[in-house]
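K.L.:
generate coordinates for the sequence data below:
(one chain, ligands or ions: 1)
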Amino acid sequence: MSLSNFCRPEGWLGAQSRLVFRERVPSTHDVLRELAIAGATEGTVVLAEEQTAGRGRVGRRWWAPPGTSVLFSALFRPPEPFVYHAQRVMMACGLAVRAAVREVTGLVPDIKWPNDLIFEREGDWKKTAGILAETECDLEGAPYLMVGVGLNVNVPPEQLSLLSPVATSLQNELGQSVDRTAILLALLHTLEATYMRLLAGWDPLPEWRAALAWMGRPVQVLAPDGEAIGVAEAVSENGALVLRMENGARVFYSVGDVSLRSAAVRAT
Ligand code: BTN
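P.N.:
Alright, predicted model coming up:
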């Protein structure tokens, strides 16, 4: 069923007056940015059935067959300390996607640092969702945060290789199609609730840490300044990945991509 009539009967995040639905856009993030710069209200959500120039982290593209996925960007205007809150919203969003998937399908994806939702089985892993968080300032100089979610819901198994070699979808994992409206309702509900908790002083860091895949295991980090191999030891207070190198040194990564390495890489 199309999401063109999607409507949240309660709450403010993506509520009717703050929801912008487009059948086809270059990127929901780019549409939301224009609205945000012009002063759009916190809680504005841009939802689309198709993106022709969807963006992923570290300069990647994000594509999904039209009408198969949940693709949206949500606007937040968290209070000071802005950077702290923005990091926490990013974590809360990963947890909200996880919770929504669990509520609707019973499947429980792990979070691959920093914010991919994956399923691991038999030594292999596949990605079902990605989250893109970006911060900027509007025309008044006020900072805002955009969180974009791309969740592969009903991408048929035979089309997954068109997305990426590691892509999966909820339909592929479950063996049957999934109600996208139910997922989106659950996701926006949980994201709104966790954001409110966050503003009231709750810290999602412990829960986010507990949901992270591959902690204590050998991983490869592809960072803008090169590639490194080590053991994913921890995540710091600000969400950076702490990699323990073979020589015992610890390196902190705040941006990058992590892949699991074979166990042949010795953990120190
Ligand atoms: C990643 O894993 O690299 C993040 C992917 C984020 C994709 C979503 S889809 C909705 C929103 N609009 C975009 O252009 N990107 C994000």
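
K.L.:
let me see the backbone angles for Leu241.
P.N.:
When read as degrees, to the nearest 10, the backbone of Leu241 gives phi -80, psi 130.

K.L.:
close to the ligand, is stretch 115-124?
P.N.:
Yes. For stretch 115-124 and the ligand, the contact criterion (Cβ under 6 Å from any ligand atom) is met by Asp116. No exception for glycine: its C-beta is placed from N, CA and C like everyone else's.

K.L.:
which parts of the stretch 101-250 of the chain are strands?
P.N.:
110-112, 116-121, 124-137, 143-152, 218-223, 226-235, 241-244, 250-253 (DSSP state E, counting those that start in this stretch).

K.L.:
element containing the closest residue to Ala186 other than its chain neighbours, please.
P.N.:
Among residues not flanking Ala186 along the chain, Ala100 sits closest, at 3.8 Å (Cβ to Cβ, 6 or more residues apart in numbering). Here Ala100, judged by DSSP states H and E, is contained in helix 82-105.

K.L.:
what mean pLDDT does that helix get?
P.N.:
Averaged across helix 82-105, the pLDDT comes to 97.

K.L.:
who are the packing partners of the lowest-mean-pLDDT helix or strand in the chain?
P.N.:
In the chain, no helix or strand scores lower on mean pLDDT, DSSP states H and E than strand 257-260, which sits at a mean of 75. If contacts are counted by 3 or more Cβ pairs under 8 Å, 6 or more residues apart in numbering; DSSP states H and E, strand 257-260 sits against strand 218-223.

K.L.:
tell me if the strand it packs on is near the ligand.
P.N.:
No. If you take Cβ under 6 Å from any ligand atom as the test, strand 218-223 misses the ligand, and the best it gets is 12.3 Å.

K.L.:
sheet-wise, list the partners of that strand with their directions.
P.N.:
Here strand 218-223 has these sheet partners by DSSP bridges: strand 226-235 (antiparallel), strand 257-260 (antiparallel).

K.L.:
what's the closest of those strands to Arg61?
P.N.:
Closest approach to Arg61 among the strands paired with strand 218-223 is made by strand 257-260 (14.2 Å; Cβ to Cβ).

K.L.:
ok, the residue in the chain that the ligand sits nearest to - contacts?
P.N.:
Taking Cβ to the nearest ligand atom as the measure, the point where the chain comes nearest the ligand is Gly130, at 2.0 Å. Residues counted as contacts of Gly130 (Cβ atoms under 8 Å, 6 or more residues apart in numbering) are 56-57, 62, 115-117, 149-150.

K.L.:
check Arg250 too.
P.N.:
Contacts of Arg250 (Cβ under 8 Å, 6+ apart): 233, 242-244.

K.L.:
closest one to Ala86 out of those residues, please.
P.N.:
Closest approach to Ala86 among these (Cβ to Cβ): Val242, at 20.3 Å.

K.L.:
who does that closest one form a beta bridge with?
P.N.:
In beta-bridge terms (that is, DSSP bridges), Val242 pairs with Ala234, Phe252.
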